[in-house]
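S.K.: My questions concern the predicted model and sequence given below.
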Amino acid sequence: MIMSERSRKFISKKMSYALRHNPDKYQIQLDEYGYTDLDTFIRALNRVHHFQPALTRAAIKDVIDHSVKQRFAIRNNQIAALYGHSIPGIIKHRPATPPAILYHGTARRFLPSIEKLGLLPMQRQFVHLSTDRATAIQVGRRHDHQPVILQVDTRAAAAAGITFYIGNDQVWLCDELPPHFFKIIPKN
Ligand code: HQG
């Protein structure tokens, strides 16, 4: 099967939308960890979007395998988005001890609010953090061509009772993070 990068991106966006933001539109149910039956999911995507040729398991796997970001997981014939959710019921993630330092890339225009209120989940269920600076810069560039990089002291935050959760190898999640647990650092 040969699929263009454009097709993969289109399918990936629909997958993210269904699994992170609007499962109701697809009439799929997510379990407490965000998983849903893979065949039902594929049928639902085909029903809503009329993919031509119809979406198959192989196509979904192709999309996942060709992505730099590990957005989805498949296990026991079920699929989930690993982070990014905005649906009302909180999706559970595995609590774990993160690396001592994590990063968050954001826009210059958000700084006054972030410095005052801390990092908030905003439209999503959790604050998203990156394991390395380069990834944080990429994340921040989605909001500002000259993003600001924040360095998070996860040990201090954990000692203060903040729980961190694993999204994937590069993405960590947490609830709101008060300003004294992070500082602005240079981009290189
Ligand atoms: C900012 C993408 C004002 C926050 C990425 C961010 C990531 C505040 C924006 C994942 C604030 C929310 C998530 C406050 C936080 N006042 N602004 N108090 N606290 N913010 O997109 O972290 O490609 O919801 O700094 O790679 O940018 O979709 O979160 O700039 O992993 O797979 O509010 O989404 O992955 O923006 O990105 P977002 P994010 P995908």
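M.R.: In hand now; what should we look at?

S.K.: tell me which parts of the chain are close to the ligand?
M.R.: For the chain, the contact set with the ligand under Cβ under 6 Å from any ligand atom comprises 69, 71, 84, 106-107, 110, 113-114, 117, 119-120, 122-124, 128, 139, 142-143, 171. Every residue, glycine included, has its C-beta placed from N, CA and C.

S.K.: Which of these fall within strands?
M.R.: In strands, defined here by DSSP state E, the members of the residues of the chain next to the ligand are Thr106, His128, Val171.

S.K.: and the nearest residue to the last one once chain neighbours are set aside, how far is that from Ala73?
M.R.: Which is Val171. Nearest non-adjacent residue to Val171, counting by Cβ to Cβ, 6 or more residues apart in numbering: Tyr83, 5.0 Å away. Distance check for Tyr83 against Ala73: by Cβ to Cβ, to the nearest Å, it reads 10 Å.

S.K.: before we move on, the earlier item: out of the residues of the chain next to the ligand, which end up buried?
M.R.: Restricting these to buried positions leaves Arg71, Gly84, Thr106, Ala107, Phe110, Ile114, Leu119, Arg124, His128, Val139, Val171, with burial counted as 16 or more other Cβ atoms under 10 Å.

S.K.: Who are the contact partners of the second one?
M.R.: Applying Cβ atoms under 8 Å, 6 or more residues apart in numbering, we find Gly84 in contact with Ser16, Arg20, Arg71, Arg124, His128, Gly167.

S.K.: how about a markdown table for those, with pLDDT added?
M.R.: What follows is the contacts of Gly84, written out as a markdown table (pLDDT from 0 to 100):
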| residue | pLDDT |
| --- | --- |
| Ser16 | 98 |
| Arg20 | 98 |
| Arg71 | 98 |
| Arg124 | 97 |
| His128 | 98 |
| Gly167 | 97 |
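
S.K.: Determine how far stretch 158-178 lies from the middle of the whole chain.
M.R.: Computed by Cα atoms, centre = their mean, to the nearest Å, the separation of stretch 158-178 from the middle of its chain amounts to 13 Å.
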